[in-house]
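1. the following comprises the amino acid sequence and a computationally predicted model.
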Amino acid sequence: MRETPRSQGTAGDARMEPPQPRLGRALAHTTGASGSGTPHRSDGRPPQTPRGARQTGPAGRLGTTPPVPRRPASLLSAWLPALYAVVFAVITWQVAADGPLRSLDERVELRIVGRGPWTLTGLLADLGSMGVALPVLGAAIAYAVCRGRRAEALYAALAMAAVPALVAPLKALIDRQGPLTGATGFYPSGHTATAMVAYCGAAMLITPYLRRGWAMPVAVALTLATSIGLVLRGYHWPLDVIGSWCLCGLLLSVNSIRTRRSSSKTPTG
C-alpha cells in the first residue's frame, strides 16, 4: 500500500507553534483537579507542603495523620474522688449537726417506709449482707488471680477490708438513731457499702474478659436494689445510703486508679 508521506515542518514552524498542555496526565494529577484522587504530583514526588509529609497508616493508606494527643485520663481520676469526698463530707456534717438536710431526710423516710412488697424489700436488703455479697467478690478475686491479675485482685480485697474499718468508727462517731428503732449507729449504711464494694469490685475484675460490658451495669443495679430495700424496709434513712455511696465511690475510684497504674506497668506480650 502507498503511505501518505508526513508533512515535514521546518525549525522555524516548530518555534512559532505554542506548547500545548497534556490534558491526559499532568492536569489529572494536579492538586484539586477533578478525578485526581490524590494530592501528590504527577512525577511521584510529594508536594512541598506539610500535608505531603504525612506517614502512611497501618494499612498503607496515604494521608494518615499522626496520633492526636488526647486529654489525659488522670484528669477524670483526679476530680472524681474529690467530688465523692466533698459530697460525703457535706452529708456527714448535716447528719451530725442535725441540719436541714437531715430533717428533710427523715421526713422523706417516714413517708416511704413500708412501701412495696414486704418480702421483696427484705430480699433486696439482704443483697448487702456479707453472706451474699462476699462470695461474689471472692469468686471474682479467685478468677482474677487465675488469670494472672494478682495486683488487681489484691486491690479489690483491700477495698473490701476497708469497708468495716471505715464504716464502724463512723457509726460510733455519728451515733444516728434508726428509723424504726431506738438503737443508734446507722450512719453510714454498712449493707450498702458491702454491696457496692463487693459487686462493683467484682465487675471491675471480670470486665476485661467479657465481650460486652454488662458486669458494671449489673453491679450498679444490685447496689441500687440493696439501697431501695434498706430504705423501704426501714433499716436505714436515705442519707445513710447516699453517704455510703459517696464513701464507697471514693474507695472504688482509688482502686480503679491503682488498677490502671498496675496494668500500665505490666509488659504486654
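-> All right, it came through fine. Numbering: from 1, shown residues only.

2. now the one helix or strand Ser103 maps to - C-alpha only, CSV.
-> Assigning secondary structure by DSSP states H and E places Ser103 in helix 100-112. Extracted C-alpha coordinates of helix 100-112, given in CSV (Å, rounded to 0.1, in the frame of the first residue of the first chain):
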residue,chain,number,x,y,z
PRO,A,100,-31.9,20.9,107.4
LEU,A,101,-30.8,18.2,105.1
ARG,A,102,-31.2,15.7,107.9
SER,A,103,-34.7,17.0,108.7
LEU,A,104,-35.7,16.6,105.0
ASP,A,105,-34.2,13.1,105.0
GLU,A,106,-36.3,12.0,108.0
ARG,A,107,-39.5,13.4,106.5
VAL,A,108,-38.9,11.5,103.3
GLU,A,109,-38.2,8.3,105.0
LEU,A,110,-41.3,8.4,107.2
ARG,A,111,-43.4,8.8,104.1
ILE,A,112,-42.0,5.9,102.1
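
3. what average pLDDT does that helix get?
-> Across helix 100-112, the average pLDDT comes to 96.

4. and the contacts of it?
-> Helix 100-112 is contacted by residues Val90, Ile91, Gln94, Val95, Pro179, Val231, Leu232, Gly234, Trp237, Pro238, Leu239 when judged by C-beta atoms under 8 Å, 6 or more residues apart in numbering. Just so you know, the C-beta spots here come from the backbone N, C-alpha and C atoms, and that holds for glycine as well.

5. what do you get for stretch 157-164?
-> Contact with stretch 157-164 is made by 134, 137, 141, 190, 193-194, 197-198, 201, 248, 251-252, 254-255, as judged by C-beta under 8 Å, 6+ apart.

6. which parts of it are buried?
-> Ala159, Met160, Ala162, Val163 (16 or more other C-beta atoms under 10 Å).

7. what number of residues lie near Ala172?
-> Residues near Ala172, counting by other C-beta atoms under 10 Å, number 10.

8. export the helix or strand following the helix holding Ser103 to CSV, keeping only CA atoms.
-> Counting by DSSP H and E, the next helix or strand C-terminal to helix 100-112 is helix 118-126. Provided in CSV are the C-alpha atoms of helix 118-126 (Å, rounded to 0.1, in the frame of the first residue of the first chain):
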residue,chain,number,x,y,z
TRP,A,118,-42.6,-6.8,102.4
THR,A,119,-40.9,-10.0,101.3
LEU,A,120,-39.4,-8.4,98.2
THR,A,121,-37.9,-5.5,100.0
GLY,A,122,-36.4,-7.9,102.6
LEU,A,123,-34.8,-9.9,99.8
LEU,A,124,-33.3,-6.7,98.3
ALA,A,125,-31.9,-5.6,101.6
ASP,A,126,-30.3,-8.9,102.1
